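Novice: everything below, folded, please.
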Amino acid sequence: MLRPTKIICVGKNYRAHAAEMGGEVPAYPLLFLKPPSSLIAEGDAIERPSASQHVEYEGEIGVVIGQRLRDASEVEAVAAIAGIVAVNDVTARDLQKTDGQWARAKGFDTFCPVGPMGPVPSSLDDLVVVTRVNGEERQRGRASDMAFAIPMLLAYISRIMTLEPGDLVATGTPAGVGPLVAGDRVEVEIEGVSRVSNPVVDR
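Specialist: Coordinates of the predicted model:
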């Protein structure tokens, strides 16, 4: 199980997802944080909190940092990647809309399922993320479709905050997000690299 000092996430990094959320890709990466207390592993339950009536999945390519990064170049950033993980950026969509900022909507306990760490491919652009709910495919996206590529994201983040070994960067979700209800099972897979599957329950 990862023990990151922080989980940095990127919003609206796929144009189709930005459009389905009623917006556009921002001029610069849109960053937000999830607390490490939101982490769960394969098979752990995602708990829908009573405060939200609309919880959604967001399958993402996760990058685990292996070396300290500060003011890094893109080449240095790529060299510092320890591995790739499947991430589900679970979101209380109704709270995201009403709060105006995302800490509560993204930060509940169990809202960050993460799969086992897999190898770093020779081409990060070839990574493919797939999300399934109850065995039915809901999302599919390639890293090459991102508005901001993984090397750029890591270098950009390192100019804002120091990335420590074990930190996790979730690089954004493709189009196709949707609701989760108690009894569902949601799976996020980085094809050939990492996979995480979790049941959904009401808390």
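
Novice: chain neighbours aside, what residue packs nearest to residue 140?
Specialist: Of all residues not flanking residue 140 in the chain, residue 130 sits nearest, at 5.1 Å (C-beta to C-beta, 6 or more residues apart in numbering). Quick note: C-beta positions are derived from backbone N, CA and C, even for glycine.

Novice: what about that neighbour, neighbour count?
Specialist: Neighbours of residue 130 under the rule other C-beta atoms under 10 Å: 19.

Novice: would you enumerate the residues in contact with it?
Specialist: Shown in contact with residue 130 (C-beta atoms under 8 Å, 6 or more residues apart in numbering): 59, 137, 139, 140, 188, 189, 191.

Novice: rerun that using 10 Å as the cut-off
Specialist: Residues counted as contacts of residue 130 (C-beta atoms under 10 Å, 6 or more residues apart in numbering) are 59, 86, 137-141, 174, 176, 187-191, 195.

Novice: what of residue 25?
Specialist: 11-19, 146-148, 172.

Novice: pick out the most distant pair among the residues you listed.
Specialist: The most widely separated members of these, counting by C-beta to C-beta, are 19 and 148 (16.2 Å).

Novice: the more surrounded of the two?
Specialist: residue 148 (18 against 13).

Novice: quick one, grab the pLDDT at the more buried one.
Specialist: pLDDT recorded at residue 148 is 96.

Novice: going through the contacts of residue 130, which ones are buried?
Specialist: With neighbours counted by 16 or more other C-beta atoms under 10 Å, the contacts of residue 130 contain buried members at 59, 86, 138-141, 174, 176, 187-190, 195.

Novice: C-alpha coordinates for the least confident helix or strand in the chain by mean pLDDT, PDB please?
Specialist: The weakest-scoring helix or strand in the chain, judged by mean pLDDT, DSSP states H and E, is helix 15-20 (a mean of 77). Output in PDB follows, covering the C-alpha atoms of helix 15-20 (Å, rounded to 0.1, in the frame of the first residue of the first chain):
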ATOM      1  CA  ARG A  15     -10.900  17.600 -23.700                       C
ATOM      2  CA  ALA A  16     -13.900  15.200 -23.900                       C
ATOM      3  CA  HIS A  17     -14.300  15.000 -20.200                       C
ATOM      4  CA  ALA A  18     -13.900  18.800 -19.800                       C
ATOM      5  CA  ALA A  19     -16.800  19.100 -22.300                       C
ATOM      6  CA  GLU A  20     -19.000  16.600 -20.600                       C
END
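
Novice: look up which residues are beta-bridged to the closest residue to residue 133 other than its chain neighbours.
Specialist: Distances taken as C-beta to C-beta, 6+ apart put residue 186 closest to residue 133, at 5.2 Å, once the chain neighbours are dropped. According to DSSP bridges, the partner residues bridging residue 186 are residue 133, residue 198.
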